[in-house]
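I would like to see how this sequence folds:
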Amino acid sequence: MNLPVILIIAGAFLAFALLVMLLGGPSAGKAKTRRLAMVKDRHAASTEAVVAAQMRKTIQSGASGTSTLTSLMPRREEMEVRLRRTGKGWTLTQYMLWSMGLFVVATGGMLVMRSPLPLAAMIGLFLSLGLPYLVVGRAIKKRVAQFNTRFPDAIDLLVRGLKSGLPVTETFQVVSQELPGPVGEEFKGVVERIRIGNTMESALQETAVMLGTPEFQFFCITIQIQRETGGNLAETLANLSDVLRKRAQMKLKIRAMSSEAKASAYIVGALPFFVFGLVWTMNPTYLAGFFYEQRLIIAGLSGLVWMSIGVFIMSKMISFEI
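I've put the predicted structure just below:
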């Protein structure tokens with residue numbers, strides 16, 4: 001069996017597997033278990049059970065960011081949630097159209113460079129699935145960073161409103177009006193859900209699920225504990241604001257300490273592509289064999305795989321959880 005046939009079979013199998021994972025529905029067993037857990041948490045009588053349920057949701061939301069194939073190729077419902085997290089108003093239809101357009105452009109460009117059809121299709125499929133996902137992930141990361149930056153200010157504004165005698169829902173309204181950006185938008189959504197009849201806990205939890213950030217989960221847990229046990233909410237929120245600011249400072253320290261390793265990873269990862277582009281500009285025929293010669297194609301793909309493994313290991317070495 002020659003290389004083109006192997007590439008065709010591998011590309012077809014990969015495309016089918018990605019299509020199933022992307023558009024496949026949620027697991028019935030997992031959905032049943034999740035519904036039973038939600039019912040159990042809803043009817044929990046003790047405060048300890050409620051707090052444990054909230055902490056379990058926080059841990060599960062943090063564990064969902066692990067580097068697995070499922071997280072890289074989310075289902076349709078998960079993809080819709082990711083698109084809503086960007087705050088850009090993108091729809092799943094637009095996402096799929098952009099992915100298909102990128103596949104056509106990338107595959108056509110490779111064919112113009114005299115690449116074999118299986119190789120061109122595999123590269124087009126990789127770019128059409130990976131590049132839009134990275135763009136959406138970058139937009140989510142940017143919006144969450146903006147939210148976390150202004151969120152302590154929102155908590156301080158809540159504290160001042162509570163100390164002045166305003167109810168909690170009114171302080172939410174003040175935050176939605178006074179703070180621009182993602183913080184104001186999310187608190188505006190909480191106020192709107194409360195107005196249409198949702199409880200404060202459910203409105204806050206829906207926003208927490210949409211954001212997927214531990215900082216807002218901590219805020220939800222604080223509100224839940226105060227409503228169950230009582231106490232001075234303003235003082236509790238002030239302590240939470242101090243904790244979140246120290247958490248942000250620790251993240252900045254870690255970023256500063258790991259900046260040298262990140263710079264080295266960027267240089268090592270970009271150097272082969274820079275040299276390849278430079279040599280291609282000076283003498284295209286010298287490297288043209290990488291696009292149609294079977295042995296050079298295998299060597300190039302093997303090099304990309306080993307480089308990807310090295311970049312993955314380096315990224316894990318410089319990533320820290322706080």
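
so where's this structure shaky on pLDDT?
1-75, 319-322 (pLDDT under 70).

report the central residue of it.
The structure's the chain has its C-alpha centroid closest to residue 137; by Cα atoms, centre = their mean the separation is 4.8 Å.

residues contacting residue 223?
168, 200, 201, 204, 233 (Cβ atoms under 8 Å, 6 or more residues apart in numbering). For glycine as for every other residue, the C-beta is placed from the backbone atoms N, C-alpha and C.

for the residue nearest to the centre of the chain, what are its contacts?
residue 82.

contacts only, for residue 140.
With Cβ under 8 Å, 6+ apart, residue 140 has these contacts: 82, 85, 86.

can you tell me, leaving aside adjacent residues, what's nearest to the second one?
Ranked by Cβ to Cβ, 6 or more residues apart in numbering and with sequence neighbours excluded, the top spatial neighbour of residue 85 is residue 140, at 4.7 Å.

with the first one instead?
Nearest non-adjacent residue to residue 82, counting by Cβ to Cβ, 6+ apart: residue 136, 5.6 Å away.

name the nearest of the contacts of residue 140 relative to residue 176.
residue 85 (18.4 Å; Cβ to Cβ).

what is the burial count for that closest one?
21 (other Cβ atoms under 10 Å).

before we move on, the earlier item: for the residue nearest to residue 82, pull up the helix or strand it's in.
Here residue 136, judged by DSSP states H and E, is contained in helix 117-163.

also residue 89?
Per DSSP H and E, there is no helix or strand for residue 89.

contact partners for it?
Going by Cβ under 8 Å, 6+ apart, the list of residues near residue 89 is empty.

would you map the helices across the stretch 201-322 of the chain?
214-229, 233-257, 259-282, 284-287, 294-317 (DSSP state H, counting those that start in this stretch).

quick revisit: just want the angle from the helix holding residue 136 to helix 233-257.
Helix 117-163 and helix 233-257 are oriented at 140 degrees to each other (axes from the mean of the first three to the mean of the last three Cα atoms, to 10 degrees).

now stretch 238-249: buried residues?
Under the neighbour-count criterion of 16 or more other Cβ atoms under 10 Å, stretch 238-249 has 238, 240, 241, 244, 248 buried.

with only the CA atoms kept, save that stretch in CSV.
The C-alpha trace of stretch 238-249 is given here as CSV (Å, rounded to 0.1, in the frame of the first residue of the first chain):
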residue,chain,number,x,y,z
ALA,A,238,-14.5,43.0,50.8
ASN,A,239,-12.4,40.0,51.8
LEU,A,240,-13.2,38.3,48.5
SER,A,241,-12.1,41.4,46.6
ASP,A,242,-8.8,41.4,48.5
VAL,A,243,-8.2,37.7,47.7
LEU,A,244,-8.9,38.2,44.0
ARG,A,245,-6.5,41.1,43.8
LYS,A,246,-3.8,39.0,45.5
ARG,A,247,-4.6,36.2,43.1
ALA,A,248,-4.1,38.5,40.1
GLN,A,249,-0.8,39.7,41.5
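
how about residue 103: what's its closest non-neighbour residue?
residue 128 (3.6 Å).

sorry, wrong one. I was asking about residue 120.
residue 110 (3.5 Å).

hang on, isn't that neighbour packed against residue 118?
No. Residue 110 is beyond contact range of residue 118, at 10.4 Å (criterion: Cβ atoms under 8 Å).

from residue 304, how far off is residue 311?
Relative to residue 304, residue 311 is positioned 10 Å away (Cβ to Cβ, to the nearest Å).

oh sorry, the question was meant for residue 122
12 Å.

and the two? Which one has more around it.
Neighbour count, other Cβ under 10 Å: between residue 122 and residue 304, residue 122 has more, with 21 against 13.

what about the more buried one, distance to residue 227?
54 Å.

could you do residue 153 as well?
Relative to residue 227, and taking Cβ to Cβ, residue 153 is found at 23 Å.

repeat for residue 244
20 Å.

okay, now residue 188: neighbour count?
The number of residues near residue 188, taken as other Cβ under 10 Å, comes to 16.

name the element the nearest residue to it once chain neighbours are set aside belongs to?
The spatial neighbour of residue 188 that comes closest, neighbours along the chain excluded (Cβ to Cβ, 6+ apart), is residue 176 at 3.9 Å. Taking DSSP H and E as the definition, one finds residue 176 inside helix 168-178.

give me the distance from that helix to the chain's centre.
28 Å (Cα atoms, centre = their mean, to the nearest Å).

ditto for stretch 170-186
Distance, centroid of stretch 170-186 to centroid of chain: 23 Å (Cα atoms, centre = their mean).

now it: buried residues?
171, 172, 173, 174, 175, 176, 179, 182, 183, 184, 186.

equivalent analysis for stretch 118-138, please.
Buried residues in stretch 118-138, defined by neighbour count with 16+ other Cβ under 10 Å: 118-125, 127-129, 132-133, 136.

what does stretch 257-265 contact?
Residues outside stretch 257-265 that contact it (Cβ under 8 Å, 6+ apart): 311, 314, 315, 317, 318, 320.

mark which of the residues you listed are buried, thanks.
Looks like the contacts of stretch 257-265 have 314, 318 buried, using 16+ other Cβ under 10 Å.

I appreciate the help and will end here.
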